[in-house]
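>>> Need the 3D shape of this:
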Amino acid sequence: MGFPGIWMTESESMVYRVVPKCACSTIGQIMYYSDHGAFFDGDIHDAESGLHKWAQEASQGPISRNVTEHRSYAFTCVRNPYARILSSFFDKICGMQRNGKRYRGNLVPMLVANYGVEVGGEDGKQDFDQIRSFRRFLLFARDTIRWRKPMDPDIHWSSMSGHIGTFIRNGGTYDDIFWTERFDDGMAKVLAATRTPKPVDLKAIPRFNESEGHGPKRAHPVQAYFDDLSMHLVYEIYKRDFELFKYDVQDPSNKMPVGEIDLDEVHAKLGD
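All right, here's what the predicted structure looks like:
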């Protein structure tokens, strides 16, 4: 199976397992900058050079050798599951994508027809009941993850532990997993543990939120979107994420972790 979702600097200073909706654009740009002293001009997901990616055939050999021999510092980044699934809804379901079209073609029309989801009209700019619509999307997300119907789960709302586990099961070892909510601390630790060709001043790095502006603005605080039923659904979907990455399942308003991530536990539970 190899190492899907892995990005590595060309200098092989660091290896990163991409987890969608968890600061991956900013991390990718920091990696690119640490090799080249400049940011990639555009969305880092579109870069076809300057950064090794498993999706590029020429990168697979260098990544495989590096990861299996654990030559470089390997890390990933996680996010509160409540905030992550909400972000996926506003970006991928309600928002227009970079190509000016809806995400995945007929996905949104199917959600409108079969689940009663509203997305703010053709352009996503009309008012709609965000809370009701999100809760209906959540039922769809649960169906895709639990029963793989009416489609396989999309990478943007499939579990973080699912993404992170492929790296471990195929022979990789993480040196660190940090939280989006404490991004500066986590990324500073990565940079302190690596030797990069170009120095990186973390305080001067902008945040590359490539999904910003794609969809309507969130009209309510995170906790307003989750009643008892939707909290139960989120726990059903992301139980392992809450437990391994130490987020508060009881309180959607608390985005911060409530414990320390145990890397040994993560490797043991996701490596089976």
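
>>> Where does pLDDT dip in the stretch 1-150 of the chain?
Residue ranges of the stretch 1-150 of the chain with pLDDT under 70: 124.

>>> What segments of it are helices?
24-36, 57-69, 81-88, 107-115, 130-147 (DSSP state H, counting those that start in this stretch).

>>> which stretch among those comes nearest residue 193?
Closest to residue 193 of the helices of the stretch 1-150 of the chain is helix 24-36 (C-beta to C-beta; 12.5 Å). Backbone N, C-alpha and C define where each C-beta goes, glycine included.

>>> neighbouring contacts of that closest one?
7, 9-11, 13-14, 16, 18, 38-40, 43-45, 47, 50-51, 77, 183, 187, 191, 194, 196-198, 200, 202, 205-210 (C-beta atoms under 8 Å, 6 or more residues apart in numbering).

>>> Among these, which ones are in strands?
The subset of the contacts of helix 24-36 located in strands under the criterion DSSP state E comprises 7, 9, 14, 16, 51, 77.

>>> Pretty sure the first one sits against residue 50.
No. Counting by C-beta atoms under 8 Å, residue 7 does not reach residue 50; the two are 10.8 Å apart.

>>> and the two? which has more neighbours close in?
Between residue 7 and residue 50, counting by other C-beta atoms under 10 Å, residue 7 is the more crowded of the two (26 against 15).

>>> Bridged to the more buried one, which residues?
residue 16, residue 53 (DSSP bridges).

>>> Distance of residue 193 relative to residue 186?
11 Å (C-beta to C-beta, to the nearest Å).

>>> Quickly list what's touching both of these two.
residue 176.

>>> which one of those two has more residues nearby?
residue 186 (21 against 14).

>>> what sits against the closest residue to that one other than its chain neighbours?
What sits nearest to residue 186 in space, not counting adjacent residues and going by C-beta to C-beta, 6 or more residues apart in numbering, is residue 178, at 2.5 Å. The contact partners of residue 178, by C-beta under 8 Å, 6+ apart, come to 75, 77-78, 185-187, 189-190, 261.

>>> shouldn't residue 142 be in contact with residue 236?
Yes. Under the criterion of C-beta under 8 Å, residue 142 makes contact with residue 236 at 6.6 Å.

>>> between the two, which one's more packed in?
Between residue 142 and residue 236, counted using other C-beta under 10 Å, the more crowded position is residue 142 (18 against 11).
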